[in-house]
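**Student:** task: produce atomic coordinates for the following.
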Amino acid sequence: GTADRVLTAGVLGEIFLMADGVALGGPTERFVHDHNLAGYVDEARALLADHREQIAMPVDVAVLDDGERRELAIDGLPVDELCVDIGEATITIYEEVIAAAGTIFANGPAGAYERPGADVGTRRLWTAVASASGVSAIGGGDTVASAGRFVDLDDITFVSTGGGASLCMLEGQTFTAVELLDDAS
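**Tutor:** As a prediction, this is how the structure comes out:
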């Protein structure tokens, strides 16, 4: 009941794809395991079982092949290169959802935005968020850094470096410090 639509990209998108039975390829699957994120695959699988209609997963990905961007549809996986971004078809779908949204909450970049060729999804999605007519909120240090690289942060309604805290707040969790401030007022 918190979100009408959840767009997954980046490592989160890869985790959801793995939860859905997609073999991404050795380098990407090792990345997920090496960063102690494999435990989230089961959580993602449970979320898909209960909320598949609300969760959008990438329909294509991008890899860097000798420094050159190459895009593959999901049915073209697994691949021997690390998945570093979402592909053009996914970007277009997500841009349309963002443009139509009344409220947008974003956390995290869409890919390895620091690398040329892997920055396309992140740049285009932040541009979509910044130009959307809906209320927009972003949270998290890497989120703010990646957005600030591609758009004017003043074009986003609310910017917070507290990504984890922002997500907890959306889940309805309370924070002692906020409760104390509420009581004091």
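
**Student:** what is the least confident helix or strand in this structure?
**Tutor:** Within the chain, judged by mean pLDDT, DSSP states H and E, the helix or strand with the poorest mean is helix 163-170; its value is a mean of 67.

**Student:** ok but residue 95 is inside a strand, no?
**Tutor:** No - using DSSP: H, G, I helix; E, B strand; the rest coil, the secondary structure at residue 95 is helix, not a strand.

**Student:** out of everything not next to it in sequence, what's closest to it?
**Tutor:** What sits nearest to residue 95 in space, not counting adjacent residues and going by Cβ to Cβ, 6 or more residues apart in numbering, is residue 128, at 4.5 Å. Backbone N, C-alpha and C define where each C-beta goes, glycine included.

**Student:** show the contacting residues for that neighbour.
**Tutor:** The contact partners of residue 128, taken as Cβ atoms under 8 Å, 6 or more residues apart in numbering, are 94-95, 98-99.

**Student:** same thing with residue 125?
**Tutor:** With contacts defined as Cβ under 8 Å, 6+ apart, the neighbours of residue 125 are 9, 91, 94-95, 98, 106, 110.

**Student:** mark which of those residues are part of strands, please.
**Tutor:** Judged by DSSP state E, strands contain the following of the contacts of residue 125: residue 106.

**Student:** most neighbours, which of the contacts of residue 125?
**Tutor:** Neighbour tally across the contacts of residue 125 (other Cβ atoms under 10 Å): the maximum, 30 neighbours, falls on residue 110.

**Student:** is it true that that one touches residue 84?
**Tutor:** No - contact status for residue 110 versus residue 84: not in contact, 9.9 Å apart, counting by Cβ atoms under 8 Å.
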